[in-house]
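Novice: Provided below are the primary sequence and the corresponding predicted coordinates.
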Protein chains: 2
Amino acid sequence: MKSLFTTPESKKKAILLGIRKALLDMGSATKAELSEKLGISFPTASKFLSQMEKAGEVVAMGLDHSSGGRRAHRYRYNPEHMLGLAVFLEKTETAYTIFNCLGEVKEQGTMASVLSENSLESFTHLLEGLIEKHPKINSMSIGVPGAVNQGNVIYIPGYRQFQNKDIKGYYEERFSIPVVVENDMNAAVLGYTITNKMIDNPSLVYLCFGQNGPGSGILINGDVVRGSTFFTGEVSFVPQYDHHNFLQALQNEGQPIDAISRLIASFTAILNPHRILFSQEEMTSAMLRDIQKRSSVYVPGEHLPELALSDWKRDYLNGLQSLGLELMISIHL
Amino acid sequence: MKSLFTTPESKKKAILLGIRKALLDMGSATKAELSEKLGISFPTASKFLSQMEKAGEVVAMGLDHSSGGRRAHRYRYNPEHMLGLAVFLEKTETAYTIFNCLGEVKEQGTMASVLSENSLESFTHLLEGLIEKHPKINSMSIGVPGAVNQGNVIYIPGYRQFQNKDIKGYYEERFSIPVVVENDMNAAVLGYTITNKMIDNPSLVYLCFGQNGPGSGILINGDVVRGSTFFTGEVSFVPQYDHHNFLQALQNEGQPIDAISRLIASFTAILNPHRILFSQEEMTSAMLRDIQKRSSVYVPGEHLPELALSDWKRDYLNGLQSLGLELMISIHL
DNA sequence: AGGACTTATTAAAGGCGTTTAATAAGTTTT
DNA sequence: AAAACTTATTAAACGCCTTTAATAAGTCCT
C-alpha cells in the first residue's frame, strides 16, 4: 500500500536521501543548517554527516565565519564520489556525456547513430568501454525518440531493434547499475525545469517541430504526462481547420503562425499551462510575438501561457542528467 | 522543504492516518492485518487500536473464524464517530448532504439557490443550523460552479457575492472545522474515481455541456489540473474549424457529433487519457458510439480513450464527500 | 480426551532519533 | 585581558517503535 516511513531502515534511507539532496541543492551546509532544513535533530545530522565524511561522500570545507559564537564546520558533497552517464540516441547521431553530481561534464563524445544499425551490439560496446574507463559511473540515462514505458521502448518508428525491448532491464542486468530510459521530449521538458527555477510543480509544454514531425513533452503539476497508450503529445493529430489537422496545416497552408496559435489556444483552453517552450533553433522571438498576438484571437489574452525560447539539446541533456542523478542519490541506501 | 517523516509526532500522525484509511478501505480488519498492510509492527498496531477503541473511534466486532490457531479479534471503524457536511451551490438550487465516514447519507435537503441572493447570509444561516443540529459534523465541503484557488473563489461569473471571497478561511474561522472548497467539475471527476476503481493515478476527463456552456474537469496522474490562471477545462475556446471554436460549433452547426469527436481527438492527441466521461443526462450510449467512430477519423482508434456515461450529480456529491472525508481523517492528529 | 501444532496476544529487550544538559570555542564588552 | 555572552558540538537520558521471547487460546490428530 503506502510506505508510511516507519521502519527504521526506510527512515535511515529517507534521512540519507534528504541530506544528499539538500547538500547538492544548497551547494554546502553546516550540520545545523541541515538539521534545520530537513527537520531532523542536530545529533542525527551530525552522525550521518560524520559517516558520510568517513566514506568520502562529503568533504569538510573548513570553518564558517563566526556569527558571534563558536565557528561551525561547513561541508559540501564530494561531486566526484559518483559519476553518471547520459546517452541520447537521435536519428543523426548518438551522443554521450559523463557528468558528476554537480552536473559538470567530465567527458563527452558522439558517434554515428546506433539507431541506423541492425542490432544493439555497437551501442552496448560503447557503453561497456565508457563504464570500464570510468568505474565510478553509477547510473545510466538513455534518451530515445520514441514511447517508453517503465524502461521498455514500446514504440519507436523505424527502429525495429529497439522496439519492445526492455532496455532498462537489459542494461541493469548487464552493468549492475541503475538505468533510466526516457522519451526525448519528456526528458527535455524535465530538464528545462531544472535550470529554470519556476514555481513548484509547474505545468508546461515543450513544443518541437523536429525531423520526425511535431511532438511535445507535457508536464502537469510537475509530473510527466504519459497517457494510456503513450500517445501523449502527438499534436500532429489535433483537428484545427475544416479539412486539416495540425500537421497538415503546418505542411500545406501558407500560415504556420495561425496553426501554431490555434494549438497554443487549444493547450490553453484545455490545460492552461504556465509556459510553453520552443526550440530556439526552430523559432524566433519575433515569431513568438506574432503567435502570442494571434493566439489571443482565440483565447482571452490573460489566460495565455508565457511563450519562451530555450536550447532544446541542452534541456534534453539536463533532463537525462537529472534523471540519472536522481537515480544515483537514491541508491546506496 | 520536505516532511521527511522523522519527528515522533508526525510519525504518530502518519500511523493513525494510515490505520484510519486502511480500516475504512478494508471495511474491517484484525490487528495482524493492519500491521501487515501498513508495514508497522504488531505491538504498535495493537497499541493504537486499543487507544482508538477506548476513544470510540473503532469498535470490536467479535472474533474471526479460526484458521487453525487462536481466533483473532476483528475491528471496524465506527462510521458515526465523525460526520461530514457536503454542500453544492448550483445555479438552480443549493443542496446539502450529511454523511458518515462510510459515505452513508444521514440527512439531505435542498433550498433555493443561494447564488441568486446578494449576500452569504442565508447560506451561512443554513450551515449554522445544520452544524448545531449535528454536533458531530467535523468537516465541510463546498462545491461551486467557478474557479477556486486554495479555498478562494476567484472567478464565478454572475455571482458577485462569492467573487474573491476566501470561503474556506471564512467558514473555518466561523465554525472551527476544516473546510474545503472545490470547483464542480473537479469534484465530479474526483468523485468518479472513488466509485469506479480504475488503475492507480488514472488520467481522465469529465466533459459536460451544462447550463453555463461546456466545461470539463481533468485529472492527470490522479491529480486535478488547475492551470496557471484556473482556466483549465474551458474547452469552449478550442479552435476546431476554419471559423468556429468548440462552443460555436456546438451552437451553430448541425453536427454536434463531429465537434465533440474533434474535441475527443484533441484530448487524445494532447493528453491521451484513459477515459472520458459524459453526463448520462446529456448523452446516450448510441451517441457515444457515433462519437467513438467519428473520433477515429482524426486519431488512430487504438489510442482513443474509453468513452463512458456516468451520473454527474452523484459523482459530484461523491467527490465532495471524499474531499470532506479526507479532511476529517487528517485531523485529530 | 490429551498431546502436537497454529495463530493471536502480551511482555521484555533493543535500536535509533530526539530532547535536554554539559562542554568547547569563539566574540564582544568592560 | 578577563568576564559575559553566543553559538557549535558532544554526552547523557528519554521516548517510541521494533524485534524477540513468552504466554494464551484455539484446532487437529490419535
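Specialist: Nice, I can see it.
Novice: find the closest residue to DNA strand D in chain A.
Specialist: A:Gly69 (1.8 Å; Cβ to the nearest atom of the strand). In short, each C-beta sits where N, CA and C put it, glycine included.
Novice: for that residue, give me the pLDDT.
Specialist: pLDDT, A:Gly69: 86.
Novice: quick one: the strands in the stretch 1-150 of chain A?
Specialist: Using DSSP state E, counting those that start in this stretch, the strands of the stretch 1-150 of chain A run over residues A:29-30, A:58-63, A:73-77, A:83-89, A:93-100, A:105-112, A:137-144, A:147-149.
Novice: select, out of those strands, the one closest to DNA strand C.
Specialist: Counting by Cβ to the nearest atom of the strand, DNA strand C lies closest to strand A:58-63 out of the strands of the stretch 1-150 of chain A; the figure is 6.7 Å.
Novice: buried residues, that closest one. List them.
Specialist: For strand A:58-63, the neighbour count (16 or more other Cβ atoms under 10 Å in any protein chain shown) marks A:Val58 as buried.
Novice: what about that strand, distance to the chain center?
Specialist: Averaging C-alpha positions (Cα atoms, centre = their mean, to the nearest Å) puts strand A:58-63 30 Å from its chain's average.
Novice: residues near A:Gln240, how many?
Specialist: 29 (other Cβ atoms under 10 Å in any protein chain shown).
Novice: pretty sure it sits against A:Leu263.
Specialist: Yes: if you go by Cβ atoms under 8 Å, A:Gln240 and A:Leu263 touch, sitting 7.3 Å apart.
Novice: what residues are shared contacts of those two?
Specialist: A:Phe246 (Cβ atoms under 8 Å, 6 or more residues apart in numbering or on different chains).
Novice: spell out which parts of chain A neighbour DNA strand C.
Specialist: Residues of chain A that fall close to DNA strand C, judged by Cβ under 7 Å from any atom of the strand: A:8, A:11-12, A:15, A:39-44, A:47, A:63, A:66, A:68-71.
Novice: buried ones among the residues you listed?
Specialist: Buried among the residues of chain A next to DNA strand C (16+ other Cβ under 10 Å): A:11, A:15, A:40, A:44.
Novice: distance of the first one from chain B?
Specialist: Read it as A:Lys11. As judged by Cβ to the nearest Cβ, to the nearest Å, A:Lys11 and chain B stand 6 Å apart.
Novice: and if you look at the third one?
Specialist: The gap separating A:Ile40 from chain B is 5 Å, by Cβ to the nearest Cβ.
Novice: so that residue touches A:Ile15, yeah?
Specialist: Yes: proximity of A:Ile40 to A:Ile15 meets the contact threshold set by Cβ under 8 Å, at 6.1 Å.
Novice: inside helices: which ones of the buried ones among the residues of chain A next to DNA strand C?
Specialist: A:11, A:15, A:44 (DSSP state H).
Novice: and the closest residue to the last one other than its chain neighbours, how far is that from A:Ala22?
Specialist: Sequence neighbours aside, A:Ile15 is the residue nearest to A:Thr44 in space, at 6.8 Å (criterion: Cβ to Cβ, 6 or more residues apart in numbering or on different chains). Distance, A:Ile15 to A:Ala22, by Cβ to Cβ, to the nearest Å: 10 Å.
Novice: gap between the residue of chain A closest to DNA strand D and A:Pro43?
Specialist: 18 Å.
Novice: got it, and A:Met140?
Specialist: Counting by Cβ to Cβ, the gap from A:Met140 to A:Pro43 is 37 Å.
Novice: equivalent analysis for A:Asn221, please.
Specialist: Counting by Cβ to Cβ, the separation of A:Asn221 from A:Pro43 is 37 Å.
Novice: what of A:Arg314?
Specialist: Relative to A:Pro43, and taking Cβ to Cβ, A:Arg314 is found at 42 Å.
Novice: I'd like the average pLDDT over stretch A:236-246.
Specialist: For stretch A:236-246, the mean per-residue pLDDT is 97.
Novice: same question for stretch A:251-271: list its buried residues.
Specialist: In stretch A:251-271, the ones that count as buried by 16+ other Cβ under 10 Å are A:258-271.
Novice: reformat these as TSV; add pLDDT, secondary structure and distance to B:Val299.
Specialist: Shown next, in TSV, are those (pLDDT from 0 to 100; DSSP: H, G, I helix; E, B strand; the rest coil; distance: Cβ to Cβ, whole Å):
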residue	pLDDT	secondary structure	distance to B:Val299
A:Asp258	96	helix	22
A:Ala259	97	helix	17
A:Ile260	97	helix	20
A:Ser261	98	helix	21
A:Arg262	98	helix	17
A:Leu263	98	helix	15
A:Ile264	98	helix	20
A:Ala265	98	helix	19
A:Ser266	98	helix	14
A:Phe267	98	helix	17
A:Thr268	98	helix	20
A:Ala269	98	helix	18
A:Ile270	98	helix	15
A:Leu271	98	coil	18
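Novice: check whether stretch A:179-189 comes into contact with chain B.
Specialist: No: Stretch A:179-189 does not reach chain B (Cβ under 8 Å from any Cβ of the partner chain); its nearest approach is 12.8 Å.
Novice: ok, back up a step: dump the ones in helices among the buried ones among the residues of chain A next to DNA strand C into a markdown table; add pLDDT as well.
Specialist: Formatted as a markdown table, these follow (pLDDT from 0 to 100):
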| residue | pLDDT |
| --- | --- |
| A:Lys11 | 87 |
| A:Ile15 | 93 |
| A:Thr44 | 95 |
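Novice: got a list of what the residue nearest to A:Ile131 when sequence neighbours are not counted touches?
Specialist: Nearest residue to A:Ile131 in three dimensions, chain neighbours excluded: A:Ile137, at 5.3 Å (Cβ to Cβ, 6+ apart). Counting by Cβ under 8 Å, 6+ apart, A:Ile137 touches A:82-85, A:98, A:130-131, A:177.
Novice: now swap in A:Leu120 and tell me
Specialist: By Cβ under 8 Å, 6+ apart, the contact list for A:Leu120 reads A:114, A:161-162, A:165.
Novice: A:Leu63 now?
Specialist: Contact partners of A:Leu63, counting by Cβ under 8 Å, 6+ apart, are A:71-74.
Novice: which of those are buried? Put it as a ChimeraX command.
Specialist: Buried residues within the contacts of A:Leu63, by 16+ other Cβ under 10 Å, are selected in ChimeraX with:
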select /A:72,74
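Novice: adding distance to chain B, write the contacts of A:Leu63 out as JSON lines.
Specialist: Below are those laid out as JSON lines (distance: Cβ to the nearest Cβ, whole Å):
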{"residue": "A:Arg71", "distance to chain B": "25"}
{"residue": "A:Ala72", "distance to chain B": "20"}
{"residue": "A:His73", "distance to chain B": "22"}
{"residue": "A:Arg74", "distance to chain B": "19"}
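Novice: could the contacts of A:Leu63 go into JSON lines alongside distance to B:Gly227?
Specialist: What follows is these, written out as JSON lines (distance: Cβ to Cβ, whole Å):
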{"residue": "A:Arg71", "distance to B:Gly227": "48"}
{"residue": "A:Ala72", "distance to B:Gly227": "44"}
{"residue": "A:His73", "distance to B:Gly227": "46"}
{"residue": "A:Arg74", "distance to B:Gly227": "42"}
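Novice: now, which of the contacts of A:Leu63 lie close to DNA strand D?
Specialist: A:71-73.
Novice: now do the helices in chain A.
Specialist: A:8-26, A:31-38, A:42-54, A:121-133, A:167-175, A:184-195, A:246-252, A:256-270, A:285-298, A:312-330.
Novice: list the buried residues for the fifth one?
Specialist: Within helix A:167-175, the residues scored as buried using 16+ other Cβ under 10 Å are A:167-168, A:171-172, A:175.
Novice: likewise the fourth one?
Specialist: Applying a neighbour-count criterion of 16+ other Cβ under 10 Å, one finds A:123, A:126-127, A:130-131 buried in helix A:121-133.
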